[in-house]
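Participant: this one's structure only:
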């Protein structure tokens, strides 16, 4: 496509199909994607078949006008939207059974994703990076079939982290020894975050600690 | 082989008790048990992973131990070593901070 304006970006006709658990999930999904496309493109989800596409905004639609993070975000969305076959996902909001993403249920939680940094240029987990991670993981895991089937999480989490890296322009690693701890490194600097998924428990409630409906992201 | 299986269950059990979600070591133990037994864990896999409830872990533990009782004599140490090596290769996303990102050309 180069730098030429495009009207509708789904040239192969393959599909990312998105359903929403409610209006909050839908609004948050649209808002994050449209913010990331920096006024050049906007998201459209067909209400009849749930197919997601990117459309050029009148007089815009110029990839060359995107920032380097915006271009990477656009490219990663295009990979999922125009890649092979179907990828089916559900966006939920503040679901205590979904912590950012739930691989085998093909769900991601927009309330959780929005707990990460809204500024994609900041070092550390970012909302745009997390959304791309979740979409890419499903795209990779479903392999065009529209369902996870017998795919195994460990084979798709790594490639999704690399897609996240391309948007964040940093390198993510999951800590070998500490739970829910992720590192993001760029130019020799590292930001480390811990992601809290449980409500506090007491000694009486051990074993019954409840899930948070929205994760808490803590800088270490 | 029974020792390896017990060690990996113990790593997961410790993680569940601490309640801080999966570390890289916990992921590798779950993946090891999956590869060895063919039984997929009930953990809630995602950007971060944990068990939604301790009963989900207890179900996994029971299934793994039952598998061990039925298969204790059929798995060789070489199989265990092969699985461990493969998992290390497949989980290079588990590491201490590293800086090997190459930005795309402008």
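Facilitator: Noted; the coordinates are in hand. None of the values given here were measured: they were computed from a predicted structure.
Participant: just for chain A, where's the confidence low?
Facilitator: Within chain A, the ranges that satisfy pLDDT under 70 run A:1-13, A:201-208.
Participant: hmm, try it at 80
Facilitator: Applying pLDDT under 80 to chain A flags the ranges A:1-14, A:201-209.
Participant: list the contacts for the residue positioned nearest the centre of it?
Facilitator: With distances taken as CA atoms, centre = their mean, residue A:131 lies nearest the centre of chain A, 1.1 Å away. Contacts for residue A:131 (CB atoms under 8 Å, 6 or more residues apart in numbering or on different chains) come out as A:32, A:33, A:108, A:113. Using the backbone N, CA and C atoms, a C-beta is placed for each residue, glycine as well.
Participant: mind checking which helix or strand the residue nearest to the last one when sequence neighbours are not counted is in?
Facilitator: Ranked by CB to CB, 6 or more residues apart in numbering or on different chains and with sequence neighbours excluded, the top spatial neighbour of residue A:113 is residue A:130, at 4.7 Å. Using DSSP states H and E, the secondary-structure element containing residue A:130 is helix A:127-142.
Participant: Can you give me the buried ones in that helix?
Facilitator: A:127-142 (16 or more other CB atoms under 10 Å in any protein chain shown).
Participant: Select from the contacts of residue A:131 every entry located in helices.
Facilitator: A:32, A:33, A:113 (DSSP state H).
Participant: For those residues, which single residue is the most surrounded?
Facilitator: residue A:113 (26 neighbours; other CB atoms under 10 Å in any protein chain shown).
Participant: Is residue 97 in a helix, a strand, or coil?
Facilitator: Looking at chain A here, since you left the chain open. What DSSP: H, G, I helix; E, B strand; the rest coil gives for residue A:97 is coil.
Participant: Chain B was what I was after
Facilitator: coil.
Participant: Count the neighbours of it for me.
Facilitator: Other residues close to residue B:97 by other CB under 10 Å number 17.
Participant: Up against chain A, what does chain B have?
Facilitator: Counting by CB under 8 Å from any CB of the partner chain, chain B comes close to chain A at B:15, B:17-27, B:31, B:34, B:40, B:44-48, B:50, B:52, B:54, B:87, B:90-101, B:103-104, B:106.
Participant: buried subset of those?
Facilitator: Here, 16+ other CB under 10 Å leaves B:15, B:19-27, B:31, B:34, B:40, B:44-48, B:50, B:52, B:54, B:87, B:90-91, B:93-95, B:97, B:101 buried among these.
Participant: Spit out the contact partners of the closest residue to residue A:85 other than its chain neighbours.
Facilitator: Spatially, and ignoring its direct neighbours in sequence, residue A:85 is nearest to residue A:144 (2.3 Å; CB to CB, 6+ apart). Counting by CB under 8 Å, 6+ apart, residue A:144 makes contact with A:14, A:83, A:84, A:85, A:86, A:87.
Participant: Helices - which of those land there?
Facilitator: Among these, no member falls in helices (DSSP H).
Participant: of the residues you listed, buried ones?
Facilitator: A:14, A:83, A:86, A:87.
Participant: Now the spatially most central residue of chain B: closest residue in space that isn't a chain neighbour?
Facilitator: Centroid-nearest residue in chain B, with CA atoms, centre = their mean: residue B:30, separated by 1.8 Å. Closest residue to residue B:30 apart from its sequence neighbours, by CB to CB, 6+ apart: residue B:41 at 4.9 Å.
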